[in-house]
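[1] Got a predicted structure here, sequence first:
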Amino acid sequence: MQDFEYLMPTNLDQAIGLLKKYENKAALIAGGTDVMVKIGKTRKAPDVLISLRRLSALRYIKKNGGYHIGALTTHRMLEQSTLVQSELSALHDAASQVGSVQIRNVGTLGGNICNAAPSADTAGPLLVLDATAVLEGPLGRRRVPLKEFFTGTYRTVRKPDEVLVEMEIPEDLGRYGSAYWKHTRRKAMELPLIGIAVALKLSQDNSQILDSRIALTVAAPTPIRAYPAEDFLKGKVIADDVLKEAGRIASSADCCTIRTSLRCEAWYREEIVRVFVPRMAKLAAERVKNR
């Protein structure tokens with residue numbers, strides 16, 4: 001068992017103060033579903049663990065001039081939210097597939113994003129929903145578009161004395177149709193071999209794609225947007241050949257750097273992207289039409 005000091009601040013100011021005091025000797029813990037596993041695997045613990053569990057003010061889902069989701073919102077809260085299910089569907093798809101119900105009851109959205117694993121389930125949906133990460137530290141609050149948040153595998157722009165407090169999503173994105181596919185080897189608790197999120201905005205008659213966003217996880221060292229595939233779709237009529245070409249572009253080196261790992265061959269990941277980008281685009285379009 002690794003020895004560390006465990007502190008539980010009761011408000012955000014206390015948490016930031018402790019981070020400033022201990023600097024690189026401290027680590028934040030929310031649900032602990034990532035942090036404790038990492039400590040167990042590496043046999044290396046920080047000197048101080050600062051728990052955010054008592055910061056209940058950071059646990060919410062609100063719509064007010066946009067969507068605001070507190071960093072301590074659990075995946076189970078996202079899964080059970082009718083607002084998220086109906087208006088931020090890709091995020092609902094992802095949250096409902098994180099681990100088991102027990103894990104979803106304690107694992108948090110902020111923890112999933114700050115852990116910055118290339119396979120993070122909620123990262124792809126938040127990218128296509130144009131989310132912004134709100135960070136707070138000793139110098140106040142700052143906002144970072146999520147597409148600029150990840151700097152490498154398990155690395156982000158968050159400073160050692162900052163806390164992720166909220167994810168903001170523009171209200172307009174709630175009118176998009178969105179969907180997320182987590183491809184795994186089995187229907188059980190599993191990390192994705194590849195993750196695909198798509199969001200579409202359609203014309204009044206639902207025949208033309210006015211805007212598109214495509215995000216991929218496990219396709220690069222960080223969760224990424226597939227910009228060339230997005231640009232190809234914009235202004236196009238929804239048709240099988242159009243969506244098929246978008247899938248081909250998304251799976252190409254122009255969009256991603258898919259590699260072979262112990263869990264999966266690169267060629268198979270590329271094939272899943274090629275096939276499931278069109279499928280998720282169709283599902284996103286159907287969700288627009290069904291509103």
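    Now that the structure is in, tell me what you want to look at.

[2] How is this structure divided into domains?
    Listed by automatic domain parsing, the domain ranges of the chain are 5-51, 56-172, 177-289.

[3] gap between the nearest residue to T33 once chain neighbours are set aside and V37?
    Nearest residue to T33, sequence neighbours excluded (C-beta to C-beta, 6 or more residues apart in numbering): G107, at 4.2 Å. Yep, even glycine has a C-beta here, placed from its N, CA and C like the rest. Noted for G107: a distance of 11 Å to V37, by C-beta to C-beta, to the nearest Å.

[4] more crowded one of those two?
    G107 (25 against 11; other C-beta atoms under 10 Å).

[5] Next, please give the residue ranges for the helices of the stretch 151-291 of the chain.
    Using DSSP state H, counting those that start in this stretch, the helices of the stretch 151-291 of the chain run over 227-233, 240-250, 266-289.

[6] Any chance of a markdown table for those, columns distance to E168, mean neighbour count and mean pLDDT?
    Below are the helices of the stretch 151-291 of the chain laid out as a markdown table (distance: least, C-beta to C-beta, whole Å; neighbours: other C-beta atoms under 10 Å; pLDDT from 0 to 100):
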| stretch | distance to E168 | mean neighbour count | mean pLDDT |
| --- | --- | --- | --- |
| helix 227-233 | 21 | 19 | 98 |
| helix 240-250 | 26 | 19 | 98 |
| helix 266-289 | 21 | 19 | 96 |
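
[7] Show me the one of those helices that comes nearest H92.
    Evaluated over the helices of the stretch 151-291 of the chain, closeness to H92 peaks at helix 266-289, with 10.6 Å, by C-beta to C-beta.

[8] So what touches that closest one?
    Outside helix 266-289, the residues within contact range by C-beta atoms under 8 Å, 6 or more residues apart in numbering are 89-90, 176-181, 183, 193-194, 196-202, 206, 212, 214, 216, 218-219, 226, 229, 233, 238, 240, 243-244, 246-248, 250-251, 256, 258-260.

[9] Now with 7 Å, please.
    Contact with helix 266-289 is made by 89, 177-179, 181, 183, 193-194, 196, 198-200, 202, 206, 214, 216, 218-219, 229, 238, 243-244, 246-248, 250-251, 258-260, as judged by C-beta atoms under 7 Å, 6 or more residues apart in numbering.

[10] try stretch 3-22
    With contacts defined as C-beta under 7 Å, 6+ apart, stretch 3-22 is touched by 26, 45-55, 136-138, 160-161, 163, 165.
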